[in-house]
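Novice: below: sequence and its predicted model.
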Amino acid sequence: MKKILFRADGNAQIGAGHIMRCLSLGMAARELGILCKYVTADDSFSGTIKEYGFECEILHTDYYDMEQELNKCLEVIQKFQPDVILADGYYVTHSYLTELKKYAKLAYIDDIKSFAYPVDVLINYNSGAMEMNYPKLYQDSKTELPQLILGEHFVPLRQEFQNLKQKPVKSKVTDILFSAGGADPERIALRFAREVVHNEQLSGYKFHLVLGAFEPDVEEIKKLAEKHTQICIHQNVKKMSELMQQCDMAVSAAGSTLYELCACGMPTITYVLADNQKLGESSLCGKGVMKSAGDVRTKTGFWDDLMEMMYLLAENCEERQKMRESAVRTVDGMGAEHIIKNLMSSEGKDVS
């Protein structure tokens, strides 16, 4: 039996994105008869990984210092003997990856182009990945260019986002989804809730706030929801695609959630809250798939602009229809399977 070892982390500081996309890949691999194991620095997401039916090895190390975990990680690798190691995290170093590559075919998921990663396969599924010019990066560094797997065709979504039946766009919006991601370090969810309940133009809509496992203001938001019935809180959502399809439009941080919204054909207003989100957000909005409210950290008048954008989009059925059509063309939901099949192939051809 073929084996894949995933090395990824998630916690209150970095959110859930790295873990969740690796779980999507693991589920696709399991469907193809491949045995998967996960290795994490701490136990923040070990329960989630086990709920999905996978084994999780906890290193009991600091996620931001991957050099010091190397010996422990190599012990796990030597015992498991994987055919492929897939690393996903912003704290990898050149020497760390070089060492892992000695033990198996090595893949890395990237979206920030920190350096020329010494790996066999480099994955960047974000919109705009082709614009990052990896060949030049590797040419300049004199590091061997890996196989490149690039673009939205490879977005690793969970099975629930595959083959979705698209509902008609309603002429009148009633329900709006909001997501700030798994950790919400900028504390956007609470500010959003406060803004919408005091905005008269938006008083006729119900807002569905998806709160991540590490949301810092969950109690304050619950208190607000008790006073204002237009705020509905969702936690530990088991079937996100169903919740998304119950809504008519969305507001979301520019992370992996955007691609789930695309698969659901959801007209979406997005915003940036981290530098690594800028290219993907710019590319999706440039293609007319979504609308940008800008960078929440730096844009003057961000909240007033966002409230107005929501109202105008909710009132424009024709625009929402166009956005829905663009979104479903962008993502087919089969990206995880596409990646796994490429990883297990020995051909090593670039794909995009």
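Specialist: Cool, got the structure. What you see is a predicted model; the values in this text were computed from it and never measured.

Novice: quick one, helices of the stretch 151-300 of the chain?
Specialist: Here the stretch 151-300 of the chain has its helices, by DSSP state H, counting those that start in this stretch, at 188-197, 218-227, 240-246, 257-263, 278-286.

Novice: quick one: furthest residue from the center of the protein?
Specialist: In the chain, Glu200 marks the outermost C-alpha relative to the chain mean, sitting 32.6 Å out by C-alpha atoms, centre = their mean.

Novice: next one: it from Thr300, what distance?
Specialist: Glu200 sits at a distance of 23 Å from Thr300 (criterion: C-beta to C-beta, to the nearest Å). Glycine gets a C-beta too; all of them are placed from N, C-alpha and C.

Novice: turn the helices of the stretch 151-300 of the chain into CSV, columns for distance to Leu122.
Specialist: Compiled in CSV, the helices of the stretch 151-300 of the chain are given as follows (distance: least, C-beta to C-beta, whole Å):
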stretch, distance to Leu122
helix 188-197, 31
helix 218-227, 37
helix 240-246, 28
helix 257-263, 19
helix 278-286, 16
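
Novice: skipping adjacent residues, who's closest to Ser44 in space?
Specialist: Asn11 (4.2 Å; C-beta to C-beta, 6 or more residues apart in numbering).

Novice: with Asn163 instead?
Specialist: Spatially, and ignoring its direct neighbours in sequence, Asn163 is nearest to Gly333 (6.8 Å; C-beta to C-beta, 6+ apart).

Novice: contact partners for the one you found?
Specialist: 157, 161-164, 263 (C-beta atoms under 8 Å, 6 or more residues apart in numbering).

Novice: does it belong to a helix or a strand, and which?
Specialist: For Gly333, there is no enclosing helix or strand under DSSP states H and E.

Novice: how about the one 10 residues further on?
Specialist: When elements are assigned from DSSP H and E, Leu343 belongs to helix 335-344.

Novice: how about Ile14, phi and psi?
Specialist: phi -110, psi 0 (degrees, to the nearest 10).

Novice: contacting residues for it?
Specialist: Residues in contact with Ile14, defined by C-beta under 8 Å, 6+ apart, are 63, 89-90, 183.

Novice: separate out the buried members of the residues you listed.
Specialist: Buried members of the contacts of Ile14, counted by 16 or more other C-beta atoms under 10 Å: 63, 89, 183.

Novice: doesn't Gly15 make contact with Ala183?
Specialist: Yes. Using C-beta atoms under 8 Å, Ala183 makes contact with Gly15 at a distance of 3.9 Å.

Novice: joint contacts of the two?
Specialist: Taking C-beta under 8 Å, 6+ apart as the contact rule, Ala183 and Gly15 both touch 212, 214.

Novice: so for Met132, what's the nearest residue that isn't a sequence neighbour?
Specialist: Lys113 (5.3 Å).

Novice: could you do Met323 as well?
Specialist: Met323 sits nearest to Pro267 (C-beta to C-beta, 6+ apart), 4.1 Å away.

Novice: burial measure for that neighbour, as a count.
Specialist: 26 (other C-beta atoms under 10 Å).

Novice: hmm, Ala250 and it touching each other?
Specialist: Yes. In this structure, Pro267 is within contact of Ala250 by C-beta under 8 Å, at 7.3 Å.

Novice: CSV for the helices of the stretch 151-300 of the chain, including mean pLDDT?
Specialist: Formatted as CSV, these follow (pLDDT from 0 to 100):
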stretch, mean pLDDT
helix 188-197, 97
helix 218-227, 97
helix 240-246, 97
helix 257-263, 95
helix 278-286, 93
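
Novice: what number of residues lie near Ile269?
Specialist: Quick note: Ile269 (other C-beta under 10 Å) scores 22 neighbours.

Novice: so what are the domain limits for the chain?
Specialist: Per automatic domain parsing, the structural domains of the chain span 3-159+333-344, 163-330.

Novice: mind checking pLDDT for the closest residue to Val92 other than its chain neighbours?
Specialist: Take Val92 and drop its neighbours on the chain: the residue closest to it by C-beta to C-beta, 6+ apart is Met66, 5.8 Å away. We have a pLDDT of 97 for Met66.

Novice: contact partners for the residue nearest to Met323?
Specialist: 169, 248-250, 290, 313, 319-320, 323-324, 327.

Novice: swap the cut-off to 10 Å and go again
Specialist: Residues in contact with Pro267 (C-beta atoms under 10 Å, 6 or more residues apart in numbering) are 169, 173, 247-250, 261, 289-291, 313-314, 316-317, 319-324, 326-327.
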